[in-house]
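[1] Need a 3D model of the following:
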Amino acid sequence: MEKIPETITGANIRKRSAFSRIVRKSVLFAIPFWALIALYIYDDPFMVLRKYDLYDSDVMLNEHHVGWQIYRNHCDSVHFNSFILGNSCTMAFRCAEWEKYLDSGDRAIRLFGNGESMKAISLKLRALDNEGAEIKNVLMILDRTSLSRFSLLNGYGNILPAAISGESPFAVQMEFIQAFAMPDFLFPYLKYRITGSVEPGMKRMNPYGRIRDSRNNDSFNPRDKMIEQEGEAYWENRKKEFPERDGTVVVEEPAIFHNQRMVLDDIMEVLHRHNTSVRVIISPDYNQKELHPDDREILQGIFGKENVYDFSGINEFTEDYHNYYESGHYRPLLGNKLLERIYKHQ
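    Below you'll find the predicted structure:
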């Protein structure tokens, strides 16, 4: 038998040894990754892996997923047929308050998104239609920013559920996993998990406790309690959040062009098919900038002049700073006034 040279045998041993070291290093390197995935699955920090009865958390959640899951949790028992859609200013409109102006037995739910795009509203209506929902009433709360957005927004806070967007569930989950693994969230989250408390400055964390109704997704704004406790001092102590207005009329640049118009037409197509009663509200923003007349005219042409209510600009609603939590959001007491105004003549 031919003898194998020792040099060849030694080389093979060294190769196997080097390969073994690479495997060991790869396994050791992968341990933190798999530990991270295991923690994500176990904790489900964004509440998107499993079904829950209550969607409140110490983590700031994706409002699209929360609203849709609340709808799915209760649609068989509550039979929602009325939908509040739009951006975060929907917090000013309580479902029970709106139901006062609807037919007896109509039930409302809020399906909003922070910085909502018109495309997201369109897809939500399509998803409801595909679910076989009755879309009897729609209240849309918009501003120039929402009207300008004809495509979906990026990021874990803006991604739609797969059931709405049509994206693969895996792709949606990857967005949340990536957000979870980012150091600006992961490190504060790990500290929170150890201490059990949310500290000031922890990004993407919710220090307020319960902030929504688990049955219709109404907003529970913690600033309501602050206003109740502080009274007029609430606004006096937060003047930086309420910049001075000089009373000058400022008309914003047009927001609706061809792409925006196409999305608005898609929305109207669903509403028309369901013979939906629709009301469109342009928010009374604290900055008192006025929606461009061309945008208002386009909206009136699509949804009907009698169904579009533009409260932007300088008016009785925007003049009173007591109507606002801060410059970006207004309170339910103003939302109630707007509902009364738009429904009083019907």
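[2] which residue ranges form the strands in the stretch 51-200 of the chain?
    82-86, 108-112, 137-142 (DSSP state E, counting those that start in this stretch).
[3] okay, those in TSV with mean neighbour count and mean pLDDT next?
    No exception for glycine: its C-beta is placed from N, CA and C like everyone else's. Shown next, in TSV, are the strands of the stretch 51-200 of the chain (neighbours: other C-beta atoms under 10 Å; pLDDT from 0 to 100):
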stretch	mean neighbour count	mean pLDDT
strand 82-86	25	98
strand 108-112	26	98
strand 137-142	25	98
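[4] out of the ones you listed, which comes closest to residue 233?
    strand 137-142 (29.1 Å; C-beta to C-beta).
[5] which helices and strands does the closest one pack with?
    strand 82-86, strand 108-112, strand 277-282 (3 or more C-beta pairs under 8 Å, 6 or more residues apart in numbering; DSSP states H and E).
[6] Could you rerun that using 6 Å?
    Using 3 or more C-beta pairs under 6 Å, 6 or more residues apart in numbering; DSSP states H and E as the contact criterion, the elements in contact with strand 137-142 are strand 82-86, strand 277-282.
[7] Including distance to residue 69, could those strands go into CSV?
    CSV is the format used below for the helices and strands packed on strand 137-142 (distance: least, C-beta to C-beta, whole Å):
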stretch, distance to residue 69
strand 82-86, 15
strand 277-282, 25
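[8] any idea how far the residue positioned nearest the centre of the chain lies from residue 39?
    The centre of the chain sits closest to residue 113, judged by C-alpha atoms, centre = their mean, with a distance of 2.5 Å. Noted for residue 113: a distance of 27 Å to residue 39, by C-beta to C-beta, to the nearest Å.
[9] One more: residue 343?
    49 Å.
[10] Which residue of the two possesses the greater neighbour count?
    Comparing residue 343 with residue 39 by other C-beta atoms under 10 Å, the one with more neighbours is residue 39, at 16 against 13.
[11] what about that one, which helix or strand?
    Per DSSP states H and E: residue 39 is located in helix 6-43.
[12] of the strands of the stretch 51-200 of the chain, which approaches residue 154 most closely?
    strand 108-112 (18.0 Å).
[13] Quick one: find the helix or strand in this structure with the lowest mean pLDDT.
    helix 6-43 (a mean of 66; mean pLDDT, DSSP states H and E).
[14] Please name the nearest non-neighbouring residue to residue 127.
    residue 164 (4.4 Å; C-beta to C-beta, 6 or more residues apart in numbering).
[15] Distance check, the one you found against residue 119.
    Distance from residue 164 to residue 119, by C-beta to C-beta: 11 Å.
[16] do the same with residue 53
    Look at residue 53 and residue 119: by C-beta to C-beta, they are 30 Å apart.
[17] Hmm, residue 46 is touching residue 176, no?
    Yes. Residue 46 is within contact range of residue 176, at 5.0 Å (criterion: C-beta atoms under 6 Å).
[18] Give me the domain ranges for the chain.
    Following automatic domain parsing, one gets these domains for the chain: 1-43, 65-161+212-343.
[19] Which residues does the host helix or strand of residue 333 contact?
    Using DSSP H and E, residue 333 falls within helix 332-343. With contact meaning C-beta atoms under 6 Å, 6 or more residues apart in numbering, helix 332-343 is reached by 92-94, 97, 101, 279, 309, 323.
[20] Same check on stretch 131-139?
    Residues contacting stretch 131-139 (C-beta under 6 Å, 6+ apart): 81-84, 102, 128, 274, 276-279.
[21] chain center to it, what's the gap?
    19 Å (C-alpha atoms, centre = their mean, to the nearest Å).
[22] Give me the distance between the two termini of that stretch.
    Distance across stretch 131-139, first residue to last, is 19 Å (C-alpha to C-alpha, to the nearest Å).
[23] if we can go back for a sec, residue contacts, the residue nearest to the centre of the chain?
    63-64, 120 are the contacts of residue 113 under C-beta under 6 Å, 6+ apart.
[24] Recalculate using a threshold of 10 Å.
    Residues in contact with residue 113, defined by C-beta atoms under 10 Å, 6 or more residues apart in numbering, are 62-64, 67, 85-88, 90, 120-121, 124, 146, 152-153, 157-158, 160.
[25] cool, and residue 324?
    Counted by C-beta under 10 Å, 6+ apart, residue 324 has contacts 92, 223, 235, 241-242, 284-286, 318, 330-331, 334.
[26] Tell me where the stretch 101-250 of the chain has helices.
    For the stretch 101-250 of the chain, the helices defined by DSSP state H, counting those that start in this stretch occupy 118-130, 144-148, 162-165, 169-181, 183-195, 222-230, 233-236.
[27] start to end distance for stretch 127-142?
    20 Å.
[28] Centre of the chain to that stretch, how far?
    17 Å.
[29] Begin at 22 from now on, thanks
    With 22 as the first residue, the last one maps to stretch 148-163.
[30] Tell me the confidence at the spatially closest residue to residue 280 that is not a sequence neighbour?
    On the basis of C-beta to C-beta, 6+ apart, the spatially nearest residue to residue 280 that is not a chain neighbour turns out to be residue 171, at 4.2 Å. Residue 171 carries a pLDDT value of 95.
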